[in-house]
Structure formats: C-alpha cells, structure tokens
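Engineer: Quick one, what's the 3D model for this:
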Amino acid sequence: MSGHIIAIMGGKGGQGKSQVAANLAFAWTQETKSKVCLLDFDQRASGDLNLITGINGKKNVKDLSEFNGAIDPRSLTPFLTAHPSGVSYIGMPNDPNASDNINIDGLGKTLKSITNIFPLTIVDLGSEISPLAEKALEYTTMIMLVVTPDILALNQTKRLYNDLVTMMYPKDMIQIILNQYVKGHPVTPEVVSKAMGKPVFAPIPKDEQTCVMALNRKMPAVLVAKSSPFTKGIVDVVRKVVQKSILKTLASLNRPAPVSKSTSSSGSDGGKEGSDTKPWVSLKGRIHKALVEEMDLKKSDDNDPKARIILKEQTKKAVVDILGKEDTKGILNNREDMNQIVKEILDEALGLGPLEDLLADKGVSEIMVVGPSKIFYEQGGKIKKSTVTFTNDRQVLNVIERIVAPIGRRIDEKTPYVDARLHDGSRVHAIIPPCAIDGCTITIRKFPENRLTYKDLVAFGSVTQNMADFLRIAVEAHKNIIVSGGTGSGKTTLINILGGFIQANERIITCEDAAELDFPQDHVVRLETRPPSLEGDGAIDIRCLVKQTLRMRPDRIVVGECRGGETLDMLQAMGTGHDGSLTTVHSNNPRECIGRLETLVQYAGAGLSPKAIREMIASAVHMIIQQSRLDDGSRRVTYVTEIGGMQGEVVTLQDIFTYVQKDIDKNGKIVGEFQASGFIPKFIEVLEKKGYNVPRGLFSNAAPPKPAAAPAPAAAKGPQTNKPQQPPAKKPAGAK
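Structural biologist: Alright, predicted model coming up:
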C-alpha cells in the first residue's frame, strides 16, 4: 500500500475535530508539497467540512458510494473537488437522510483503491464508531483522537479509546491530539496522558479569534492566518508525523482482520464454538480471576444507573488492559472475537453471565441452568440446549447472589434454595449444593415484555372470544375464581389477565412468595413473603399475609398460589364478604382441584372434617378455570367449570366450556376445538336480575355473538378499565 489514511475522531461533538481534520489536510500539502484527499464521513454533522473548507462540490460521498465501476484516477476525478492548494475534497450530503443511506461497502471499495492514488487521505469520522467509521478504520494507518481540556470530553474520549482497543486496534496506532490547549489550565497534557493511559501526541493551542475568522471567510485557518497559534499547532503535528516517519512505522502493525458477514466465531446464542472452546474458556477464567484481584466488582449501587454505567466502563478498561498482557494468538483472531470475549467477561462480572443474551431474546420464555456446563431454554414451547456455558460453578453462584442480594434474600449451605425475581419481574428459583448434586441450578420464568390481554389469549388460541367475554363478566360480577393447572401451564399469565378485568375503582391486594402479578389498575397493594433471618426467625409466610389483607379494607384479594394452610384463610375470606377473589392451585382437572383444596385446608391444622371442608369450598368458590400445557407446548384453557354446591358429600361440578383434542398434524401440532356444553351458569340469572344483559349465545357453539354488554350502570359500578367497547346495558322492563 503506497499511500496512507489518517482517521480523525472525537469523543463528543464540539471538540474542533472537523477543524483539525480540514486544516491538517491543507497543512500537509504545504509542508510536503504532495496531494492530499480529504473525505467527510461524519454522518451526524453533514456539511460541516463544506463550511470549514469553503468547498461545495457537485458530487458527494453518497454519490461515490453508489458508483459501480473500478476506482482509478480517471473514474475518481468527477467526484473530487480540487482546491488550488493541492487538496482534493469529497463532502458529505447536506441532507441528513441522504447521509444515513450511504452504501458502506461501496465506500470500502473506494478506500481500498484511494491509497494507490493519493499519498495521504484524511477522513473525518465524527464522534462515534458507526458502521461507516468501522469500514474506514479497516484501511486506516493512524487514528487521531481529538480531545479538549474538559473533564466530560476527556471521559468521552477515554471511552472511545477503550472501544477502539477492544476492537483490537493497536494502541500505538491511536494518537491523542489535545486541541484548544491553554497554558495554566488545570487539565494539562500530563493530566490527559494519565487519564488516557498514553502520552499526548501533540497539543494545539486555543485560538478562537483565528478559527472564527476562518469560518467567517469560509477558508481553512492555515490559509487565512499562517502565523497564528492554531496554524503553528497544526503544522507541528504534520512535521512530527513526517519527520519521524510515523505512518511508515504504523503501517507495519498488525491490524484487526475484517469480519466476514458469513462467518463468525460466536454461535447463535453467543459464546465460542468449535475446537477452541477450552482455550476460550480458560482465557476467560484467567481474565476474570485477574479482574477480581484488581477491582471490587460489588461496589456499585444496583439502584443507581449512573453508578452502574461508570463501573461498567471501568471494568471494560480493566478487561482490555488484562487481555493486552495475555497471549491470545489463535484464540482471538479478529475484532469480533475480541468484542465477544470482552462482552462475556463483563456479563459474568457485572451481569448474569451467559444468561444475558437469553434474557434479551424475546422468544425465550424460560431459562434452566444445570451446573456451569448445561444451560437449557424454552423457545416456542420446546426446550433446547444453549451452546453457551458458564466458566465454572463459582460463576453460577455469583449470578445467583447477584439476583438475590437486591431484594434482601440469601442463599447458603444452611438455606440452599431461594425464590427471587429479576428487575423486570421475572421469577427466579435457585438451589445450590449440597442439595443440587450436579452444581448450582437456576430456573428463570421470564415475564413478557408487554402486558398480555385477553385479546392475546384469543389470538394465541388459548381461549375463544365467547370464553373471554364470559370470564370478563364473571370477574366483574365478583365471582370467586380458582385457576388450576400444572407447572408451566400459564396460570400466572391467566390470573394476570383476569385481574385486568377488575374495575379501576376497587382496592386490590395481592399476596405472593415472589411478586409476579402485574395488574394495570392504579390502586393495587402488593405484598410479598419474607424468608427467615440468619438467626432463623422473622419469617413471614403467605398465610400471615392473607390474614393481614383482611385488615386492609380489600375489595379483591388475589393470592399468587395456594400451597398450604393459607388455603383455609383464603376460602374463609371468599365466603365472608370478599367476593371476586382470585388464586391459583396446582392440579390437573377441576375435580382434582377440589381434592387438592381439601388437602391444603387440612395443612392449616384446624381439625375440620372432610365434609365441612367440602361445604366451605362449595359455598366460597364459584368457578374453576383449568389451564393446561399440551404436548406440543401450546397452552389452552381446557375447562371452565362452575361449582354448583353439594350433593350428599360430593361437590357438584358443571362444565361450561371444554377443549377437545381431535388430532395431531404433520408438524406435531395438536388439533382441537373449544366446545360449549350449553349449560347456563346459575349466577347468570342472578346477574340478569341485577340489570346485566348477558347474551345466551355465549354458551352455544354457534358463531360468536356481539361482545357482551357492560354490567350495571356506571354510577353503581364505577369506571371500567381494560375492557372492549360495548353498548350500554339494557335493563329488563320494570327493573328499578
């Protein structure tokens, strides 16, 4: 390569980077008597160089990027605007929209050829590593980072410097230019050198008068005022580069190889694949160990976003510095590898390690970790094994501790299991050795990014529109409902949607082991259990919370899950003036749900007879909704059942809607349909007497009728939320 490219960048806007780039080009032609090409690649400041140089060409960078022919002196000439001083210029379009639609690969072809046409090309890259800047850096010999004596600018430039080093650009290739330097200013070249970790290449004095005059005359400052301090500073930079043959020396450095789009060292869910997995993991382990010895990774406040950002930047710089001391030959082959390993180390040191990418994937609904080497996830209802792994079991334990610490939970050998939640509300369960034989185990049930509504259930095929309308009527009519289902069947999702039907003027109190419920109403009181302290006391369980709710003037009580003696308190609340309460129970069908409730009530130790318990269930609970996860991973409401009372010693049940499986298609998907039994629930007649207009077509298998009417007058029921638009209810003749 006969010619060279110098890229000019700045950590932030307003540092005079474009002024330096333009004047450097003109000073170079004067000092070396050679031709220079000046290119404007700053997409965020379109047209700035046009004003600084006073050159307005007919063609611009976008036009050049769309040229399909070979780049040679003859084909390049129409795109260049020549200045009498010897500088040839191609500017950025003045229209920002046009700047955003540049063919980057087309410019890559130009940069590859332009070094055979011009001895030196200077490119203004702006203040961020955009895809266009990355392409230019592939062909760059020297990178000049322009910084001003300003703490904020210094921090931003330091971040940009670390990013470039992370991308495997040699540190010697990056030089620091201190622009607008003022003698006596606290931020001296020595201060900048110490902050950046390398000496300042050259200072350029502050000379506002010359720069403003040059802008007003639309000419480079080195042509307007040849003896000004600014011009002398620019000329000193040129002479230092030329006299020490710096470009020739830098051209021999090993620069990062361009990354092919078709090949990459990282797998689909992150991590290093192939035969070099063990060296990759070993390198990560060494870097992480050195990082722990060098930094206190727990000193950041998790609730302070700024503190987290600062710690991440400090950690990233430390990782890059440690990697610079390691022999990474054969492991880190290009900048993509470098970026990947830095990301993985940062994720493990400050985040949830290899789980970060899975948590960010919206298609993943559950994550299951079994020791450091096995990570499984559920996607589209199917469980898959991830290619990424933890470095060791200690890293898995670190992730668990990072999850439980912010919410005041703990996990150790005395209490080797914990229920917790992430910042987004996702539920987490963890269990560690000695109980977990194969290493620390984590199970994360992810929350959907957006709150689901009944319309989503209908779209997913989990319920029909008729069923959704009926469930809305039942919730608004203050019917006590139990959602029954197995693990992972979607009980919490369904109870969240049912809770969305509750009127906005009602006070809702929720009780959970780990807070998962997310209702749209404003007046919601959320209660959560507490584990025992280190001394073994101070535990607060669900039963205690349910008792507290009764003294908190609730309109609705929602218990995340009944799994013990709190079931008795819940049934008593349902039967003594707290109608409209909701809860979930683990069982496989409505009949089994009754038996399950009976068993759970006995956990309370009240000594009630089985018949008394069944009578309590029959009088307190109005409906059971069975949520099931089918063999193909889909979730369906398989039963909507009304409890009709007692017949002898048996609780009577009547199905209102059922799901009937009919076949399995060639893709393994279950084919079935929802069927209405034709039975009209007993409470419908009671509602109609109160003024509700409930279409009887809801309970037939005919085409869906119009949406059900809103219940009762607004004055009696208060404002409604989260419901479809409906015609006003019509009272029967003679109703008061």
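Engineer: What is the neighbour count of Gly488?
Structural biologist: 15 (other CB atoms under 10 Å). For glycine as for every other residue, the C-beta is placed from the backbone atoms N, C-alpha and C.
Engineer: sec struct for Thr641, please.
Structural biologist: Put simply, Thr641 is strand when judged by DSSP: H, G, I helix; E, B strand; the rest coil.
Engineer: do you know how far Val205 is from Thr148?
Structural biologist: Actually, residue 205 is Pro. It isn't Val. With distances taken as CB to CB, to the nearest Å, Pro205 is found 12 Å from Thr148.
Engineer: How about Thr487?
Structural biologist: In terms of CB to CB, Thr487 sits 59 Å off from Thr148.
Engineer: With neighbour numbers in mind, choose between those two.
Structural biologist: Neighbours per residue (other CB under 10 Å) separate Thr487 from Thr148, with Thr148 holding more: 26 against 8.
Engineer: wait, what's in contact with the more buried one?
Structural biologist: When contacts are counted by CB atoms under 8 Å, 6 or more residues apart in numbering, Thr148 touches Gly14, Gln15, Gly16, Leu178, Asn179, Gln180.
Engineer: repeat that with 6 Å
Structural biologist: Each residue near Thr148 by CB atoms under 6 Å, 6 or more residues apart in numbering is listed here: Gln15, Asn179, Gln180.
Engineer: these two touch, right, Gln15 and Leu145?
Structural biologist: No. Gln15 lies out of contact with Leu145 (CB atoms under 6 Å); the separation is 9.4 Å.
Engineer: Tell me where the stretch 451-600 of the chain has strands.
Structural biologist: 481-485, 508-512, 524-528, 556-559, 582-586 (DSSP state E, counting those that start in this stretch).
Engineer: Would you tell me which of those gets closest to Gly285?
Structural biologist: Closest of the strands of the stretch 451-600 of the chain to Gly285 is strand 524-528, at 36.7 Å (criterion: CB to CB).
Engineer: buried set for the closest one?
Structural biologist: Val524, Leu527, Glu528 (16 or more other CB atoms under 10 Å).
Engineer: Run through the residues that contact the second one.
Structural biologist: When contacts are counted by CB under 6 Å, 6+ apart, Leu527 is found next to Cys511, Leu545.
Engineer: Equivalent analysis for the one 4 residues further on, please.
Structural biologist: Under the criterion of CB under 6 Å, 6+ apart, the neighbours of Pro531 are Ala539.
Engineer: Pop out the phi and psi values for it.
Structural biologist: Note on Pro531: backbone dihedrals following degrees, to the nearest 10 are phi -80, psi 170.
Engineer: quick revisit: turn the strands of the stretch 451-600 of the chain into CSV, including distance to Lys316 and mean pLDDT.
Structural biologist: Listed next are the strands of the stretch 451-600 of the chain as CSV, based on distance: least, CB to CB, whole Å; pLDDT from 0 to 100:
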stretch, distance to Lys316, mean pLDDT
strand 481-485, 44, 93
strand 508-512, 37, 91
strand 524-528, 35, 90
strand 556-559, 43, 91
strand 582-586, 43, 92
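Engineer: Okay, helices next: where are they in the stretch 201-350 of the chain?
Structural biologist: Along the stretch 201-350 of the chain, counting by DSSP state H, counting those that start in this stretch, helices occupy 208-217, 221-224, 229-243, 246-251, 277-294, 305-324, 335-350.
Engineer: ok, and what's touching the second one?
Structural biologist: Identification of contacts with helix 221-224 by CB under 6 Å, 6+ apart yields Asn23, Phe26, Ala27, Thr210, Cys211, Ala214, Arg217, Phe230, Thr231, Ile234.
Engineer: Please, a PyMOL command that selects the buried ones among the residues you listed?
Structural biologist: Restricted to buried positions by 16+ other CB under 10 Å, the PyMOL selection for the contacts of helix 221-224 reads:
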select buried, resi 23+26+27+210+211+214+230+231+234
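Engineer: got TSV for the contacts of helix 221-224, with pLDDT and distance to Ser85 too?
Structural biologist: Output for the contacts of helix 221-224, formatted as TSV (pLDDT from 0 to 100; distance: CB to CB, whole Å):
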residue	pLDDT	distance to Ser85
Asn23	93	11
Phe26	94	6
Ala27	94	10
Thr210	91	17
Cys211	90	18
Ala214	90	14
Arg217	89	15
Phe230	93	17
Thr231	93	13
Ile234	94	14
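Engineer: Just the closest of the contacts of helix 221-224 to Ala405, please.
Structural biologist: Checking the contacts of helix 221-224 one by one against Ala405 (CB to CB), the nearest turns out to be Cys211, at 52.2 Å.
Engineer: How about the contacts made by that closest one?
Structural biologist: Cys211 makes contacts with Ala221, as judged by CB under 6 Å, 6+ apart.
Engineer: Now do the SS call for Tyr659.
Structural biologist: With three-state DSSP as the basis, Tyr659 sits in strand.
Engineer: my read: it touches Arg635, true?
Structural biologist: No. Counting by CB under 6 Å, Tyr659 stays clear of Arg635, with 10.6 Å between them.
Engineer: Nearest approach to Thr443 belongs to which of the strands of the stretch 451-600 of the chain?
Structural biologist: With distances scored as CB to CB, the stretch of the strands of the stretch 451-600 of the chain nearest to Thr443 is strand 582-586 (15.8 Å).
Engineer: Neighbouring strands - and their directions - for that closest one?
Structural biologist: Using DSSP bridges, strand 582-586 pairs in its sheet with strand 481-485 (parallel), strand 556-559 (parallel).
Engineer: Let's have the ones you listed in CSV, adding distance to Gly10 and mean neighbour count.
Structural biologist: Shown next, in CSV, are the strands paired with strand 582-586 (distance: least, CB to CB, whole Å; neighbours: other CB atoms under 10 Å):
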stretch, distance to Gly10, mean neighbour count
strand 481-485, 58, 26
strand 556-559, 55, 26
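Engineer: Determine which of these approaches Gly645 most closely.
Structural biologist: Short answer: strand 481-485, nearest of those by CB to CB, at 15.9 Å.
Engineer: For that closest one, which outside residues touch it?
Structural biologist: Residues contacting strand 481-485 (CB under 6 Å, 6+ apart): 491, 494-495, 582-585, 587, 593, 621, 623-627.
Engineer: Take these and keep only those in helices.
Structural biologist: Under the assignment DSSP state H, these contribute Lys491, Leu494, Ile495, Cys593 to helices.
Engineer: center of the chain, which residue is that?
Structural biologist: When CA atoms, centre = their mean is applied to the chain, the residue found nearest the centroid is Ala360 (4.7 Å).
Engineer: residues in contact with it?
Structural biologist: Applying CB under 6 Å, 6+ apart to Ala360 gives no contacts.
Engineer: So for Gln503, what's the pLDDT?
Structural biologist: Per-residue pLDDT puts Gln503 at 90.
Engineer: can you check Lys158 too?
Structural biologist: 87.
Engineer: Please, which helix or strand holds it?
Structural biologist: helix 151-166 (DSSP states H and E).
Engineer: Pull out the buried residues from stretch 427-441.
Structural biologist: Arg427, Val428, His429, Ala430, Ile432, Ala436, Gly439, Cys440, Thr441.
Engineer: wait, I meant stretch 656-669
Structural biologist: The neighbour-count check on stretch 656-669 (16+ other CB under 10 Å) flags Ile656, Phe657, Thr658, Tyr659 as buried.
Engineer: quick check: mean pLDDT across it?
Structural biologist: Here stretch 656-669 scores 87 as its mean pLDDT.
Engineer: Output it as CSV, restricted to C-alpha atoms.
Structural biologist: C-alpha atoms of stretch 656-669 as CSV (Å, rounded to 0.1, in the frame of the first residue of the first chain):
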residue,chain,number,x,y,z
ILE,A,656,-69.4,-24.6,30.8
PHE,A,657,-66.6,-24.7,28.2
THR,A,658,-64.2,-27.5,27.4
TYR,A,659,-61.3,-28.1,24.9
VAL,A,660,-61.5,-31.3,23.0
GLN,A,661,-58.3,-32.6,21.3
LYS,A,662,-59.1,-34.3,17.9
ASP,A,663,-55.8,-35.0,16.1
ILE,A,664,-52.1,-34.1,15.7
ASP,A,665,-51.0,-32.6,12.4
LYS,A,666,-47.8,-33.5,10.4
ASN,A,667,-45.9,-30.8,12.3
GLY,A,668,-46.7,-32.3,15.7
LYS,A,669,-49.2,-29.5,16.5
